[in-house]
Every structure is written in C-alpha cells, then in structure tokens.
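K.L.:
the following block contains a protein sequence and its predicted model.
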Amino acid sequence: MQGYRPTWAEINLGNLTHNVKAFRQHIPQPTRLMAVVKADGYGHGDAEVARAALAAGADWLAVALVEEGIRLRQAGLAAPILILGYLPPESLSAVIQYRLTPAITDISTLLLMEDEARRQRRKVGIHLKVDTGMGRLGPRDTGGLDLAKRTLTSSHLELEGVFTHFATADDEDKGYTNAQLDKFKRLVETIKKEKPQVIAHCANSAAAIEIPQAYFDMVRIGISLYGLYPSGQVKKLIPLKPVMSLHTSIAFVKEVPAGTAISYGRTFVTSCPSRIATLPLGYADGLFRTLSGKAEFLIQGRRVPQVGRICMDYTMADITDLPEAEVGEPVVVFGNQGQEHISADDLALLTGTISYEILCAVSARVPRYYKYQA
C-alpha cells in the first residue's frame, strides 16, 4: 500500500552486505556464518535482510519463532533455517513440513519430535541447545550429553548441531564467558567423538568479533549484521555500517511567544520567542515517550532539540535557530545528515536501553524502503 505520511525507515542493504563480508574476512574460511533474522530482521524486514545476507556469504538463517521460519519459506528462501527458541508441541508438524531445523532443549520435546518425524516418515535434523550459564533454555551439566546420546540412537532424528548462548560476551571482563566456553568445549569434544560432523556453534556478535576460540564450526551474527556493536565495551575490530535510518519531515511550523507551553502536561514552556516544528511521528512509531525532552533530530545538517512530551503520532522540535526550515524539510531521527550523525546507540543511551530495542521498536506502520548502495 502506498504511504502518504512522510515518515519512513530506510534500509541500506548495501551496508548489510558490507557487514556480512566484513565478518567473512574476520573469521576463518571454513567457519559457517549464521544470519540472525528473528523479530522481522530486528525490524529491518526479515525476507529482504535474509536474501541480502545469503547473497553476501551467509550460510544459515536463524529465527526465534516457527511462524518466522514459515514466513521465510513462503517468501521463497531455501537456505537452512534454525528455530532458536521454544517449540510448542502443536508446531512440530509445521517444523517438518516447512523443512525448518528445530532447537531441542529437553527430552519431552525430543520424543515428540521423534514421534512426529516417524508419523511423517521423515528423518529430521535437529540442533541441541544446552545451557552453560545463560539460565534460559536447555539442560545444564550432563543433560546435554544425555540428549545427544538419545538423538544418536534415533532412526528418525539426526544430530546435526549443538549450541549454547553466552550471557556476557559483550562485557569487557570475559571471565564468565570463558567459563561457559570451557563447559561447551568439553561437551562438543565428547559429542564429536561419536559424530565428528556435528555443527558446534556458540559465538554471538560479540564473541565473533573478540573471541576466536569461540568460533567452532559456525558463528551467529545478530545485532552486528545490522551494523551496530553489541555494547560499548566490545572492541571495534570489524568496520560496521548501520543498516537502518529513520526519517520524517516537518508537517507544521508555528511561531510562538515566550511562555508558550508545548504538548501534553506543559512540561516544556518556551523561554523566548520560538519556532516550533511538528513532526509526524510519535511513540506509536517507536519513538519512545521516555525520549521526551532528551532527544535531538537532524534538520539542515544540524542538531535540534525535541521539546515537550512525545505524543502517539506527533512530536515537536525547536527550530528557532533554523529560520529557513519550513514544512516539508527533511528530518533524520537516527542516521546521517550532512556531517552529523545520530545513532540508535545514542537514543538507547538516553532511555537506558540497548540499540536492539530501538531498532525493533520501529513499528509496522512505518514503511521500510530498501536501497542497495553501500
């Protein structure tokens, strides 16, 4: 459907291609690369991102939900797709039907998957998810080895992979991550004695950047696929380019005297005669209300302050210092304009969150437009 409101997210697939190739150069050639495209590609558009990542050199795709994997298959993607998350029992038939790779985290799911594979007369490749310290999904201690042994005896399941997830790989102190890595390494060594071709993987973006001993057979690139570092403590050993930028334009301009209250709650009152611009985006688009009075926007290549409370559909900016800015003037919420840059990390810092949430929060009513120039 055609969009009429001048608010949109620009997705630069050329930059995404650059990021994949940068990781490809950083990791050893035999190591596979999994592109994590869950949550609609972190808000970028899962099918579009997946196609670009695979064309640039990714080997696998990963999603969180069975529904996400089905959507990729329906979009025509044939690459291996790992379901990273929980598998409801009623989803197992669809997992097999759509040739998705399930992550098995417990014996009950393994037995149900085995029964469904037998019913469909299929042999299903699975990856075992083990808990080495994240405290979320998967068995601890010897439970992973028990699941692996049970899978190796199955005539309808094939042990294709084993993986774990780091809790603090993006911290400067790698002590806890190294302890997780040691546990995983011991498990992998034992499993590979029985089946050497099992794909072992544990490195997320942070570990793929900083911890070569965590590479094993495959690395999983999530936030850094989209051009952002997992945290400020991760060394910038790989040059990344942000893939998403968020844009709007001025919808209304008014000149007001000193003492004029702007937006709900009268939290901002002009201290002098001012020019106030109304921008057609708000917290329903993902511009968090907690950014009220904190955010800045780029207009005419300069930073201007957001003023007053951010509304569901609108927000205001003080453009007093930009006397030539009028209705239709381009505005960057995050991204580049001229020599200035506002990043998703900048907005995350202002709200006490992480860049992941800023990207995922850009709502579905904001159209995505794709370009391919790096």
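P.N.:
The structure has been received and is ready for your questions.

K.L.:
now the residue minimising distance to the centre of the chain. Nearest residue, chain neighbours left out?
P.N.:
Residue closest to the average C-alpha location in the chain (Cα atoms, centre = their mean): Tyr42, at 3.5 Å. Spatially, and ignoring its direct neighbours in sequence, Tyr42 is nearest to Leu359 (4.9 Å; Cβ to Cβ, 6 or more residues apart in numbering). All C-beta spots, glycine's among them, are computed from the backbone N, C-alpha and C.

K.L.:
next secondary structure element downstream of whichever strand or helix holds that neighbour?
P.N.:
With elements taken from DSSP states H and E, the one containing Leu359 is helix 355-361. Next along the chain after helix 355-361, taking DSSP H and E as the criterion, comes strand 368-371.

K.L.:
let me see the mean pLDDT of that following strand.
P.N.:
Across strand 368-371, pLDDT averages out at 96.

K.L.:
what about that strand, distance to the chain center?
P.N.:
Here strand 368-371 is found 17 Å from its chain centre; the criterion is Cα atoms, centre = their mean, to the nearest Å.

K.L.:
check which helices and strands that strand sits against.
P.N.:
Helices and strands touching strand 368-371, by 3 or more Cβ pairs under 8 Å, 6 or more residues apart in numbering; DSSP states H and E, are strand 8-12, helix 13-26.

K.L.:
so what are the sheet partners of the shortest one and their directions?
P.N.:
Okay, so that is strand 8-12. strand 244-249 (antiparallel), strand 368-371 (parallel) (DSSP bridges).

K.L.:
avg pLDDT for it?
P.N.:
Mean pLDDT, strand 8-12: 98.

K.L.:
can you list contacts of that strand?
P.N.:
Residues outside strand 8-12 that contact it (Cβ atoms under 8 Å, 6 or more residues apart in numbering): 43-45, 48-49, 241-248, 335, 362, 366-374.

K.L.:
now the helices for the stretch 251-374 of the chain?
P.N.:
Using DSSP state H, counting those that start in this stretch, the helices of the stretch 251-374 of the chain run over 344-351, 355-361.

K.L.:
what's the last one packed up against?
P.N.:
Helix 355-361 makes packing contacts with helix 38-42, helix 344-351 when contacts are defined by 3+ Cβ pairs under 8 Å, 6+ apart.

K.L.:
which stretches in the stretch 251-374 of the chain count as strands?
P.N.:
252-256, 261-262, 268-269, 274-279, 296-299, 302-307, 315-318, 330-337, 340-342, 368-371 (DSSP state E, counting those that start in this stretch).

K.L.:
the residue nearest to the centre of the chain touches Ile223, doesn't it?
P.N.:
Yes - in this structure, Tyr42 is within contact of Ile223 by Cβ atoms under 8 Å, at 7.0 Å.

K.L.:
common neighbours of the two, please.
P.N.:
Tyr356.

K.L.:
give me the domain ranges for the chain.
P.N.:
As assigned by automatic domain parsing, the chain contains the domains 13-226, 244-342.

K.L.:
is it possible to get TSV of those domains that adds distance to Ser355?
P.N.:
Below are the domains of the chain laid out as TSV (distance: least, Cβ to Cβ, whole Å):
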stretch	distance to Ser355
domain 13-226	7
domain 244-342	9
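
K.L.:
so which of those domains gets nearest Gly3?
P.N.:
The closest of those to Gly3 is domain 244-342. By Cβ to Cβ, the value is 11.2 Å.

K.L.:
got any ranges where this protein has weak pLDDT?
P.N.:
Within the chain, the stretches with pLDDT under 70 are 1-2, 374.

K.L.:
try 90
P.N.:
1-3, 141-142, 372-374 (pLDDT under 90).

K.L.:
residue furthest from the geometric center of it?
P.N.:
Pro257 (44.0 Å).

K.L.:
identify the residue nearest that residue in space, chain neighbours excluded?
P.N.:
Pro257 sits nearest to Pro273 (Cβ to Cβ, 6+ apart), 5.5 Å away.

K.L.:
how far away is the one you found from Thr320?
P.N.:
8 Å (Cβ to Cβ, to the nearest Å).

K.L.:
higher neighbour count, these two?
P.N.:
Comparing Pro273 with Thr320 by other Cβ atoms under 10 Å, the one with more neighbours is Thr320, at 18 against 12.

K.L.:
for that one, give me phi and psi.
P.N.:
phi -60, psi -40 (degrees, to the nearest 10).

K.L.:
that concludes my questions; thank you for your assistance.
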